[in-house]
Every structure is written in structure tokens, then in C-alpha cells.
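[1] Mind folding the following:
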Amino acid sequence: MLKKRSPHQTELEMVSLDSLVPSDHLLRKIDAVIDFSFIHARVADLYCANNGRPALDPVVMFKALFIGYLFGVRSERQLVREIEVNVAYRWFLQLKLTDKVFDA
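    Here you go, the predicted model:
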């Protein structure tokens, strides 16, 4: 029997971002073996502690560029669009589904 689906895209669902990323995804494997926290120490002297605009997290910026390199995204604008829609990229960058992605 043919049945039409009713639109449910406005329903509230409780879901974990972690559960949406496959366990064998390349970014999960990379995240398990590389600790990117060393980046903070490497760039600390490039940031002013008490002056200027709040900076974007350098780890997030590095990881985003890393994603672009790994998956062949050649444009920063395209990379931002990909991060907006790809759950695995958001998981790797530790962004929630409701977080606004940074500007290109």
C-alpha cells in the first residue's frame, strides 16, 4: 500500500552527535591517536592576553584546515559550507549542531 510520509522535520529529537558519526570514520581514528592540544602552546605568544577581539580557538582552525586537506576541499568558503552540513566534521571540531560555524 502506498503511503505518503508526513513532514516531521520540525519535531524535537534528542540525539547525541557522537552517535551520528560512524565508529570507523577516518576522523574518529585520527582523533583517537592525535592530541591537538599542543597547538595552544605553539601559538600562545602570537595572541595578546588582554587586548583585541576574542580569538577563534586555534585548535579548531587547525582542525578545520586539516579537514579541508584530508577531504580535498580547496576553498575556505566551501570548507565552511561542508562543516555546516557534515556531522562528522562538526564532531571532530567539537561543534554542536546548533553552533554557528565561523566565517571563511
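[2] I'd say Arg28 and Ile34 touch.
    No - assessed by CB atoms under 8 Å, Arg28 is found out of contact with Ile34, at 11.5 Å. The way it works is simple: take the backbone N, C-alpha and C, and place the C-beta from them, glycine included.
[3] any low-confidence regions in this structure?
    Applying pLDDT under 70 to the chain flags residues 1.
[4] so what secondary structure elements neighbour the longest helix anywhere in it?
    When the chain is parsed with DSSP state H, its longest helix is helix 58-70. Where contact means 3 or more CB pairs under 8 Å, 6 or more residues apart in numbering; DSSP states H and E, helix 58-70 is packed against helix 38-43, helix 76-85, helix 87-93.
[5] what distance separates the start and the end of stretch 48-65?
    One end of stretch 48-65 sits 23 Å from the other (CA to CA, to the nearest Å).
[6] please renumber so the chain begins at 2
    Will do, 2 is the new start, and the previous item becomes stretch 49-66.
[7] Go through it and flag the buried ones.
    Pro59, Val60, Val61, Lys64, Ala65 (16 or more other CB atoms under 10 Å).
[8] The residues you listed: which two are farthest apart?
    Within these, two members stand farthest from each other by CB to CB: Pro59 and Ala65, at 10.5 Å.
[9] If we ignore the residues flanking it in sequence, what's nearest Pro59?
    In space, and not counting its chain neighbours, Pro59 is closest to Val44: 4.9 Å by CB to CB, 6 or more residues apart in numbering.
[10] If anything else comes up later, I'll come back, but that's it for now.
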